[in-house]
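Asker: coords please:
(4 chains)
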Number of protein chains: 4
Amino acid sequence: MKRKIRMGMVGGGPGSFIGAVHRIAANLDGQIETVCGCFSSQYEKSLETGRELYLPDNRIYRNYTEMIEQEALLSADKRMDFVSVVTPNHVHFGPVFEALNHGFHVVLDKPMTFTLKEARQMKEKVEQTGLVFALTHTYTGYPMVKEARQRVLRGDLGKIRRIYVEYPQGWLAEDVAESDNKQAGWRVDPSRSGIAGCMGDIGTHAFNLAEYITGLKTVELCAELNTFVPNRRLDDDGVAMLRYEGGARGLLAASQVCIGEENSFFIRVYGEKGGLEWHQMEPNTLIIKWNNKPNEILRTSNGYVSSFSAHNSRTPGGHPEGYIEAFANIYRNFALTVQCRLEGVEPKPEYLDFPSVDEGLRGMQFIETVVASSSSSEKWMKII
Amino acid sequence: MKRKIRMGMVGGGPGSFIGAVHRIAANLDGQIETVCGCFSSQYEKSLETGRELYLPDNRIYRNYTEMIEQEALLSADKRMDFVSVVTPNHVHFGPVFEALNHGFHVVLDKPMTFTLKEARQMKEKVEQTGLVFALTHTYTGYPMVKEARQRVLRGDLGKIRRIYVEYPQGWLAEDVAESDNKQAGWRVDPSRSGIAGCMGDIGTHAFNLAEYITGLKTVELCAELNTFVPNRRLDDDGVAMLRYEGGARGLLAASQVCIGEENSFFIRVYGEKGGLEWHQMEPNTLIIKWNNKPNEILRTSNGYVSSFSAHNSRTPGGHPEGYIEAFANIYRNFALTVQCRLEGVEPKPEYLDFPSVDEGLRGMQFIETVVASSSSSEKWMKII
Amino acid sequence: MKRKIRMGMVGGGPGSFIGAVHRIAANLDGQIETVCGCFSSQYEKSLETGRELYLPDNRIYRNYTEMIEQEALLSADKRMDFVSVVTPNHVHFGPVFEALNHGFHVVLDKPMTFTLKEARQMKEKVEQTGLVFALTHTYTGYPMVKEARQRVLRGDLGKIRRIYVEYPQGWLAEDVAESDNKQAGWRVDPSRSGIAGCMGDIGTHAFNLAEYITGLKTVELCAELNTFVPNRRLDDDGVAMLRYEGGARGLLAASQVCIGEENSFFIRVYGEKGGLEWHQMEPNTLIIKWNNKPNEILRTSNGYVSSFSAHNSRTPGGHPEGYIEAFANIYRNFALTVQCRLEGVEPKPEYLDFPSVDEGLRGMQFIETVVASSSSSEKWMKII
Amino acid sequence: MKRKIRMGMVGGGPGSFIGAVHRIAANLDGQIETVCGCFSSQYEKSLETGRELYLPDNRIYRNYTEMIEQEALLSADKRMDFVSVVTPNHVHFGPVFEALNHGFHVVLDKPMTFTLKEARQMKEKVEQTGLVFALTHTYTGYPMVKEARQRVLRGDLGKIRRIYVEYPQGWLAEDVAESDNKQAGWRVDPSRSGIAGCMGDIGTHAFNLAEYITGLKTVELCAELNTFVPNRRLDDDGVAMLRYEGGARGLLAASQVCIGEENSFFIRVYGEKGGLEWHQMEPNTLIIKWNNKPNEILRTSNGYVSSFSAHNSRTPGGHPEGYIEAFANIYRNFALTVQCRLEGVEPKPEYLDFPSVDEGLRGMQFIETVVASSSSSEKWMKII
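Answerer: Predicted structure coming up:
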């Protein structure tokens, strides 16, 4: 009874970078087919994108409500299985709730919601419905990030002491509010992005990556957010000192004004017995560090990696896998889990290793706390 | 009248690395759909793979002859547009000729044929039929390889003097002839691989990359091939000194016994005014070198890259694109060219920038010459 | 009237790493000769070291008071010109004051003093006497650090926004208080090291490097210091968020429990127009970063570097210069300045580019402030 | 009876890069003092350099004959112990023979002589006299090169199969014969440099490094040398395929026209069990490569390195040591060996690990053979 899993997309019209990436990621393994969508609030644009995807006009919808309602009326062998929501942050809650209400699984771009309150509701809703929900914290999709997590969890590094996670970008170093850069526009607009700029866009990735790899929860933090570009209304830079449960200490830095940096996300973690280092721009390498013996260079797809890492690569070592493959890993694991539902079997642990509502809620808690801390004269603030 | 281009595959059954990569590459951009295939000489295995790809049983064939003949009988809106041939080298010529004879376009894995004689025939045949033909010299699909070529062709480096192209791997450092590694097995067997081992498998990539980037043709060479693993019947290592038209000198090294090397293919080119360096394992970086000013780090997808490079990337700078994307670029450009045929328009120069029969013939000439040179006491040998 | 400058050393007996480095650095350019010393509080050890340096026994002293007084009685053509003080922090103030009182120039290891109060007194004293004083903040001696400073000062990067300076080491990740590691022992002992451990030892270097390169003064900070190793009495890890004059923001991280890190000191600085990055462990490279053009790789000794950088290298590009050469640059510039005094000429600006009492006082202010901030519930604390 | 070893220098006058490096290297460890010299064929220049070194005028000589004869007449507690010869190649033989005839030990810059015939005579002479002789093949002075050798010799890599050694530079990419670059001038002049240009200057380093690390002797080679710069009279580029005793195969590439390369000397060696890689421009790192486990990053001065490596470093790990230290290691080991002679004790094996006449003769054999092979139509040529 295996078949391709059927996707309907909300958002991702002309000029959307992230929508295109979602589609490529969904295509890659041949396990998902796009069957419908409403790609833009303007119907003409939605049609344009839908036709480029070779969709029939009757599966290109005017808005997400229409899409979800109409698809729900189709027969089980035709209607979409899940909705992929790739809109700006302020249009996450609506389509996800409608989808869940009609029994559709969901893939959602991060951050999960516009507000923390919405996030709590969404988590509750997903848990109530029991539907499959994936949040595209892409960077946890990399094979060597999964390897890092496995090695920390199995104790190779000993008790964790110190975490540095940094995410410098430079693409918002100049004023873009008036530019026609579709990506930039909404990210610097609080009515579409939410209360955080840089911290919501990339700080949440950093926060998520550190908790994912170490398995530790942040307890409190002390932050300063900055806005360097004149007239910008949201933070474009910030730093937070983090305190984790069990005594580990973290440092999180994110910035979008670091000229010359593309997407230089990196993390270093040190425990009582060893350390590790991973860089998003050279994602197939993981350095493991030791006290009295040489540091080691672990590479994707080699025989010594864990099943969680191996499951998420497609080529032999030395054939670089990148951002799109990491993204596709989330779609693939999501689809494999949905497939197991269809077949009535238990998904493997490796399939279930994708970010979901818990990670989404943590991200929104981080955003609320980091923004509150920045404007507070109090030094330490508990995670809200 | 745009529609997806329809692919039928020959080869790529259970355990085939390269077949799976071809399919992922074809899927990635959503412009190609797999409609049929004969994936193995054993029908059961062919069925197994075809069903995993969600093909109906009536489009899963017993052999390539059946597939090509049956597909040719289908209506134009159903039958495949092209055949992708991903079999071992000794099964290239047959399916390609049958496909061309029935009017199907072709994608073929490299090296092009089993013998140089076949290569000459295939080139002639493709030119006669006028059909679209792509040879998957993957590495020329990388955006920064295309950037390198454009910069050399427009004269940035001045007249080329010196080329170093090196391709060390380690995966055949031990005896694999009796192993169940499907990739390894046929590559060390002259009855399936041809007269060269390492030089046919990866030396041809190195040869191709150097000619692609510089636009120069090799005129003569002096080679030594070695077989380090006991009882192996083909070369697993070799070096060639190359002389190019116009006086440039090249050095080509390829080896499959370099323990600890994954796929460390790299090239350096130096002209009278500048130099460049590119490494396959960090493919999104191209170093440009100068005499009296700092060397420069060029990166995929930035505003300063040429249209040929920009056309072949999918994400903003800093989101690593890898081997699968490079592979997909060949499929995408092939598909865009076929699409132009369907629409009756002229393909853009960027679309036509994929390897074809000329590169295939050059590769087979290289193989014949390098093998002949190795066993000759004559120092220099003209390209055969 | 040129002659070698004559050095007397206080500290640096058997087992002292830093004393040996001072001597090698002083030797390197052949402009300084060691003429006397008291190398240990134990006379036998002092004699042992002095004889290894081929000193006559009558120039090997029992303590620094004796040395300074006796040398002051020698004729001008024999007596030392300066004292090099390489003792633990609690024995900085005494020998320096005696040396200054007797008219000797001084080289001193960092941090300058045991307390901030001493630092203020020492600065006043040096200014009163007008003697030449160098503090060995080694890392500002690297040619590419000097290049970084020159490029920032001349405006290449525009107004500075963001500074990250990080200094992870791993050598104190385990308990060393009882070990016979002479370096480790006093550094974790507050009676010899002062109120800070990691922050005094390496945090001061990081603080100094950031102020040196940017020319900006830190105004306030918010810090957390940690002690991870059980029973350790001083910090072995810490982070500070920094606010600079003019609005720039800094992040300083230093740790001695990062297992697998040797001496991985690095800095990144971003302004409105460009950025830069430098790593101590690859010190001959400076990356300059741009918005719409490729990042550049600057290298020691190339024609494009400033006179300040060129003056501080000894070999052509590509012949790596390291830590010892950086250290020697401080000694050499100090000696050139003393030489100019002897000759009655004005030193070149390049000669005067070595750390002195201002940097020393800043370092002690940093230590006091960072320790106070760490134990305060107040978020921001002005530099004391 | 320990005392400083006394050096007299031949060559190294104004504008000499290598002379200055020899002196710095000799100074560094405080075990050698420069007591006399004849630094130039022009007495005024010799005086100028000698006075800069604070030598008395009566120890600054008009020519090497005068220096050697006069020094030989001085009392044992004053006269030099050894001569350091840093002249262009055509002035190596004369001063070395005179020095040996008068009982002085010798340090000599490479290549050893002007001709192979001279090299054979020099080797015989050194062996007859039993004097200590060091040849400054600098690159074997690096701690991690010594580590590489020890690991190969103790069998970590298994039987060696494949060696790649490459030495690209760019500084002679343009015509310099008429320039006032003193380094460049004689190197492109056959009357001072000998029959080889690039191959004599840097090819010999590459040849030496490969034999040093592997302990294998080259048996035959096949070479092509090129001259890319118009009107140049010697090779400025070349490649040789090498066959070693026992069946290992080597590739040696050297070039001085690779624009943008500084001194990018690197070597990779692969055996049946493992591999290694070392780059001169990041000399404190040695990568060790394995088949089924992660590659390892070995670093200078760590506890896991051999006694040969540890003996040749001066600072803890992470404090980069460079070219000058590598150079100084040859002087230091030479001086330690001379010191042992003075004391009548047996030098440790670590002290004796510096290049001498055997390496010098091998280098001259390489030069003769590689030049002969290049102009021969014969493919393989035995080492002459």
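Asker: what about chain A, any weak spots by pLDDT?
Answerer: Along chain A, the model assigns pLDDT under 70 to residues A:1, A:178, A:180, A:182-183.
Asker: that one: strands as residue ranges?
Answerer: Remark: strands assigned in chain A by DSSP state E are A:5-10, A:32-38, A:82-85, A:105-108, A:133-135, A:160-168, A:218-226, A:237-244, A:249-255, A:266-271, A:275-279, A:285-289, A:295-299, A:381-382.
Asker: any residue of the last one touching chain C?
Answerer: No - under the criterion of CB under 8 Å from any CB of the partner chain, chain C is not reached by strand A:381-382; the shortest gap measures 10.1 Å. Every C-beta, even on glycine, is put in place using the N, C-alpha and C of the backbone.
Asker: elements contacting that strand?
Answerer: strand A:218-226, helix A:357-374 (3 or more CB pairs under 8 Å, 6 or more residues apart in numbering or on different chains; DSSP states H and E).
Asker: between those, which one is nearest to chain D?
Answerer: Chain D lies closest, by CB to the nearest CB, to one member of the helices and strands packed on strand A:381-382: helix A:357-374, at 29.1 Å.
Asker: show me which residues of that closest one are buried.
Answerer: Across helix A:357-374, burial judged by 16 or more other CB atoms under 10 Å in any protein chain shown covers A:357, A:359-371, A:373-374.
Asker: can you list the strands of chain A in CSV and add distance to B:G203 and mean neighbour count?
Answerer: Compiled in CSV, the strands of chain A are given as follows (distance: least, CB to CB, whole Å; neighbours: other CB atoms under 10 Å in any protein chain shown):
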stretch, distance to B:G203, mean neighbour count
strand A:5-10, 42, 25
strand A:32-38, 38, 24
strand A:82-85, 44, 26
strand A:105-108, 44, 26
strand A:133-135, 43, 26
strand A:160-168, 41, 25
strand A:218-226, 52, 21
strand A:237-244, 49, 25
strand A:249-255, 45, 26
strand A:266-271, 36, 24
strand A:275-279, 32, 24
strand A:285-289, 26, 21
strand A:295-299, 23, 20
strand A:381-382, 61, 14
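Asker: for B:N181, find the nearest of the ones you listed.
Answerer: Ranking the strands of chain A by proximity to B:N181 (CB to CB) places strand A:295-299 first, at 18.5 Å.
Asker: alpha carbons of that closest one, in CSV - could you do that?
Answerer: These are the backbone C-alpha positions of strand A:295-299, laid out as CSV (Å, rounded to 0.1, in the frame of the first residue of the first chain):
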residue,chain,number,x,y,z
ASN,A,295,41.4,15.7,17.3
GLU,A,296,39.4,13.7,14.8
ILE,A,297,37.8,14.7,11.5
LEU,A,298,34.5,12.9,11.1
ARG,A,299,32.9,12.9,7.7
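Asker: max-length helix in chain A?
Answerer: Ranked by number of residues, the top helix in chain A under DSSP state H is helix A:323-343.
Asker: tell me if that helix is near chain B.
Answerer: Yes - Helix A:323-343 is in contact with chain B by CB under 8 Å from any CB, via A:Y323, A:I324, A:E325.
Asker: pull the contacting residues for the residue nearest to the second one when sequence neighbours are not counted.
Answerer: Same thing as A:I324. Leaving aside its sequence neighbours, A:I324 sits nearest to A:I24 (CB to CB, 6 or more residues apart in numbering or on different chains; 5.6 Å). By CB atoms under 8 Å, 6 or more residues apart in numbering or on different chains, the residues touching A:I24 are A:I324, A:F327, A:A328, B:L28, B:D29, B:G30, B:R314.
Asker: between the residues of helix A:323-343 next to chain B, which has the most around it?
Answerer: In terms of neighbour count, A:E325 stands highest of these at 31 neighbours, by other CB atoms under 10 Å in any protein chain shown.
Asker: hmm, that one is touching B:I324, no?
Answerer: Yes - contact criterion CB atoms under 8 Å: A:E325 and B:I324 qualify, at 6.4 Å.
Asker: between those two, which contacts overlap?
Answerer: Shared contacts of A:E325 and B:I324 (CB under 8 Å, 6+ apart): A:L28, A:R314.
Asker: wait, which of the strands of chain A is closest to B:T337?
Answerer: strand A:32-38 (23.9 Å).
Asker: against which helices or strands is that closest one packed?
Answerer: Contacts defined by 3+ CB pairs under 8 Å, 6+ apart place strand A:32-38 against strand A:5-10, helix A:17-27, helix A:43-52, helix A:64-73.
Asker: quick one: the shortest one to helix A:64-73, angle?
Answerer: Spelled out, it's strand A:5-10. Orientation check (axes from the mean of the first three to the mean of the last three CA atoms, to 10 degrees): strand A:5-10 against helix A:64-73 gives 160 degrees.
Asker: give me the contact list for strand A:5-10.
Answerer: Applying CB under 8 Å, 6+ apart, the set of residues contacting strand A:5-10 from outside is A:19, A:22-23, A:26, A:31-39, A:64, A:67-68, A:71, A:79-87, A:91, A:95, A:104, A:107, A:335, A:338-339.
Asker: could you dump it to PDB, C-alpha only?
Answerer: C-alpha atoms of strand A:5-10 as PDB (Å, rounded to 0.1, in the frame of the first residue of the first chain):
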ATOM      1  CA  ILE A   5       2.700  11.300  -0.100                       C
ATOM      2  CA  ARG A   6       0.700  14.200  -1.500                       C
ATOM      3  CA  MET A   7       1.500  17.800  -0.600                       C
ATOM      4  CA  GLY A   8      -0.500  21.000  -0.800                       C
ATOM      5  CA  MET A   9       1.500  24.200  -0.300                       C
ATOM      6  CA  VAL A  10       0.500  27.500   1.300                       C
END
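Asker: neighbouring strands - and their directions - for that strand?
Answerer: Within its sheet, strand A:5-10 is paired with strand A:32-38 (parallel), strand A:82-85 (parallel), according to DSSP bridges.
Asker: can you redo those strands as JSON lines with distance to B:G303?
Answerer: Below are the strands paired with strand A:5-10 laid out as JSON lines (distance: least, CB to CB, whole Å):
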{"stretch": "strand A:32-38", "distance to B:G303": "30"}
{"stretch": "strand A:82-85", "distance to B:G303": "30"}
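Asker: nearest to D:K379, out of the helices and strands packed on strand A:32-38?
Answerer: helix A:17-27 (51.0 Å).
Asker: now that closest one, how far from the centre of its chain.
Answerer: Centroid separation between helix A:17-27 and its chain, computed with CA atoms, centre = their mean, to the nearest Å, is 13 Å.
Asker: any idea of the angle that helix forms with helix B:17-27?
Answerer: Angle of helix A:17-27 versus helix B:17-27, following the same axes, to 10 degrees, is 140 degrees.
Asker: can you dump the C-alpha atoms of helix A:17-27 in CSV for me?
Answerer: Extracted in CSV, the C-alpha atoms of helix A:17-27 (Å, rounded to 0.1, in the frame of the first residue of the first chain):
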residue,chain,number,x,y,z
PHE,A,17,13.3,31.8,-1.8
ILE,A,18,12.1,29.5,1.0
GLY,A,19,9.0,28.2,-0.9
ALA,A,20,11.3,27.1,-3.8
VAL,A,21,13.6,25.4,-1.3
HIS,A,22,10.7,23.6,0.3
ARG,A,23,9.6,22.2,-3.1
ILE,A,24,13.0,21.1,-4.1
ALA,A,25,13.4,19.4,-0.7
ALA,A,26,10.1,17.7,-1.1
ASN,A,27,10.9,16.5,-4.7
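Asker: what angle do it and helix B:323-343 make?
Answerer: Inter-element angle recorded for helix A:17-27 and helix B:323-343: 90 degrees (by the same axes, to 10 degrees).
Asker: related to what we said a few turns ago, tell me which of the strands paired with strand A:5-10 lies nearest to A:D175.
Answerer: Among these, strand A:82-85 sits nearest to A:D175 (CB to CB), with 29.1 Å.
Asker: okay, now the domains of chain A?
Answerer: Domain segmentation of chain A under automatic domain parsing yields A:5-131, A:140-315+A:362-382.
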